[in-house]
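1. I would like the atomic coordinates for the input below:
(one chain, ligands or ions: 1)
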Amino acid sequence: MSNMPTEFPSLGCGVGLRTKHYGDILNVWPAVDWFEVISENFMVAGGRPLYVLEAVRTHYPIVLHGVSLSIGSTDPLRREYLTRLKDLARRVEPAWISDHLCWTGVAGHNLHDLLPLPYTEEAVAHVAARVQQVQDFLGRRILLENVSTYLEYRHSTMPEWEFLTAVVERADCGILLDINNIFVSAFNHGFSPTEYLRAVPPHRVHQFHLAGYSDKGSFLHDTHDHPVADAVWELYAQAVRRCGRKSTLIEWDDHLPSFSVLQAEAAHAQRLAAVTHHAGTDARTDAAAAVDADYRA
Ligand SMILES: [Fe+2]
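-> From the prediction side, this is the model:
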């Protein structure tokens, strides 16, 4: 691991690269700090998507964000998948590579969903060992993202934030902290999002995700089809106070608005992070101050 890069550059605020916006981007090269792409959409030998990605890469930093590494599965890691991911990384030189702390299938079946793991010591050891294998293969550290969850396992022995922390510390990888996912899961399972933030090790956090959820009445659903909710912006401010200004990405995948709406969301994140960061201790809310006080204790 000694040759691996240890720095994750601060890219500012970016948006996802989606097919609907290819024309907007290629025609005017809009003012956006960076783009995140779904790795699997570009793990191919050629074609228009790869052509577009390479063109975009000449103007912007790119981050590869995967959805089917299935790091928590009990299936063996797929050498062919990792080889294609490494080939893509060699081709577009992403700032970093990320995927989710979850499993997406077993026994060779892909369920196309980001499923939570039981939060146990056994699962920590299992996932951390697999992350180390992936990092060794790719020759770089990766970021793991907390997913939104809609079920819990009776035999979990620790809360999600302890599980996340244990995995990344043991695997020596980073965290892509999805603020909306924390908010959604906190509502669905009745825990405090502030308590979650208090437990996350700031030095491991290198990126934030922001997105909009859907209120289903009895639960929140991480649908990525709305603007970021006010309460999630407030949680983001808390996260910036705790972890510092980190590269931030607006996720919007369904009912996509015009590109200018995404730009406005990214610009809002930029302003909020700057104001929050520069305000320092004077502008802390009582809740955020309590978070830091507890952390120092
Ligand atoms: Fe996310």
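
2. can you pull out the strands in the protein?
-> Secondary structure of the chain, counting by DSSP state E: strands at 13-16, 35-38, 62-65, 97-100, 103-106, 109-115, 142-145, 174-178, 205-211, 214-215, 220-221, 247-251.

3. Mean pLDDT and mean neighbour count added to the ones you listed, as TSV?
-> (Glycine included, C-beta is placed from N, CA and C.) As requested, these are exported to TSV (pLDDT from 0 to 100; neighbours: other CB atoms under 10 Å):
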stretch	mean pLDDT	mean neighbour count
strand 13-16	98	24
strand 35-38	98	22
strand 62-65	98	24
strand 97-100	98	24
strand 103-106	92	18
strand 109-115	90	13
strand 142-145	98	23
strand 174-178	98	26
strand 205-211	98	24
strand 214-215	95	14
strand 220-221	94	17
strand 247-251	98	24
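
4. I'd like the ones you listed as a markdown table, with distance to the ion appended.
-> Shown next, in a markdown table, are these (distance: least, CB to the ion, whole Å):
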| stretch | distance to the ion |
| --- | --- |
| strand 13-16 | 10 |
| strand 35-38 | 9 |
| strand 62-65 | 8 |
| strand 97-100 | 8 |
| strand 103-106 | 14 |
| strand 109-115 | 9 |
| strand 142-145 | 5 |
| strand 174-178 | 4 |
| strand 205-211 | 4 |
| strand 214-215 | 15 |
| strand 220-221 | 13 |
| strand 247-251 | 5 |
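
5. okay, Glu7: pLDDT?
-> The predicted local distance difference test score for Glu7 is 74.

6. Tell me the spacing between it and His255.
-> According to CB to CB, to the nearest Å, Glu7 stands 36 Å off from His255.

7. do Ser185 as well
-> Ser185 sits 22 Å away from His255, taking CB to CB as the criterion.

8. Those two: which has the busier surroundings?
-> Ser185 (24 against 10; other CB atoms under 10 Å).

9. OK, contacts around that one?
-> If you count contacts by CB atoms under 8 Å, 6 or more residues apart in numbering, Ser185 has them with 146, 148-149, 160, 191.

10. tell me the contacts of Ala55?
-> Taking CB under 8 Å, 6+ apart as the contact definition, Ala55 lies against Leu26.

11. Tell me how far the closest residue to Gly12 other than its chain neighbours lies from Ser10.
-> Of all residues beyond its chain neighbours, the one nearest Gly12 is Asp33 (3.2 Å), with distances taken as CB to CB, 6 or more residues apart in numbering. Distance, Asp33 to Ser10, by CB to CB: 10 Å.

12. And for Arg84?
-> Counting by CB to CB, the gap from Arg84 to Ser10 is 29 Å.

13. Neighbour count: these two, which is higher?
-> Each of Arg84 and Ser10 had its neighbours counted (other CB under 10 Å), and the higher figure belongs to Arg84 (17 against 14).

14. What about the closest residue to the more buried one other than its chain neighbours, how many residues nearby?
-> The spatially closest residue to Arg84, leaving aside those adjacent along the chain, is Met43, at 4.2 Å (CB to CB, 6+ apart). Taking other CB under 10 Å as the neighbour definition, Met43 ends up with a count of 20.

15. what does the one 5 residues further on give?
-> Neighbour count for Arg48, taken as other CB under 10 Å: 9.

16. mind checking how far it is from the ion?
-> Remark: distance between Arg48 and the ion (CB to the ion, to the nearest Å) = 26 Å.

17. Going forward, the N-terminal residue is numbered 18.
-> Fine by me, first position is 18 from now on; the one you just mentioned is Arg65.

18. tell me the pLDDT at that residue?
-> The score at Arg65 is 92. That number is its pLDDT.

19. Please apply the same query to His295.
-> At His295 the predicted local confidence, pLDDT, stands at 82.

20. Next up, the contacts around it.
-> When contacts are taken as CB under 8 Å, 6+ apart, His295 is in contact with no other residue.

21. Over to Leu28?
-> Residues in contact with Leu28, defined by CB under 8 Å, 6+ apart, are 50-51, 78, 80, 112, 264.

22. now the residues you listed in CSV, with distance to Val32?
-> Written out in CSV, the entries for those read as follows (distance: CB to CB, whole Å):
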residue, distance to Val32
Asp50, 9
Trp51, 8
Pro78, 12
Val80, 11
Ala112, 15
Ser264, 12
